[in-house]
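Visitor: here is a sequence with its predicted model. Questions after.
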Amino acid sequence: MRVSGEECLRISQLRPTDRVVSAVAMGTLATASVNPGAVATVYRSLPSVDREGLDVAMSALAGQPDVREQVVSSLRERIESGAYFVSGEQIAEMMIRRQIADHVR
């Protein structure tokens, strides 16, 4: 999952009661693994047009592999050849973004 700085800012500005709905609205179903009952409640409260769109998205995702082998293979080759570099600053930034995103769940 990729969380941009803009998304982090938007999430940080939400009231706690808005966060579950907004997580679904932003296209993540991360809350499903944490609290399926809450997600089901939010799902039922969505307008039918949004539920239909969510169903289409979930169906499309269901057919996708959990691991994108082409991406993994490309990264593996770049790492092994020494062509892949991530700075400490980039790692720290992503760790902070991940922590913020996980905290919202």
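Guide: Alright, I've got the coordinates. Please read all numbers here as calculations on a predicted model, not as lab measurements.
Visitor: next, Gly82: phi, psi?
Guide: Its backbone dihedrals place Gly82 at phi 80, psi 10, with angles given as degrees, to the nearest 10.
Visitor: in what helix or strand does Ile91 lie?
Guide: Taking DSSP states H and E as the criterion, the element that holds Ile91 is helix 88-104.
Visitor: packing partners for that helix?
Guide: helix 5-12 (3 or more CB pairs under 8 Å, 6 or more residues apart in numbering; DSSP states H and E). Glycine gets a C-beta too; all of them are placed from N, C-alpha and C.
Visitor: what comes up buried for the helix holding Ile91?
Guide: Judged by neighbour count using 16 or more other CB atoms under 10 Å, the buried positions of helix 88-104 are Arg97, Ala101, Val104.
Visitor: just say helix, strand or coil for Asp66.
Guide: Following DSSP: H, G, I helix; E, B strand; the rest coil, the label given to Asp66 is coil.
Visitor: how many residues are close by it?
Guide: By the measure other CB atoms under 10 Å, the count of residues near Asp66 is 4.
Visitor: make residue 1 into 39 and carry on from there
Guide: Sure, I'll start counting at 39 from here, so that last one is Asp104.
Visitor: got phi/psi on it?
Guide: According to degrees, to the nearest 10, Asp104 has phi -70, psi -30.
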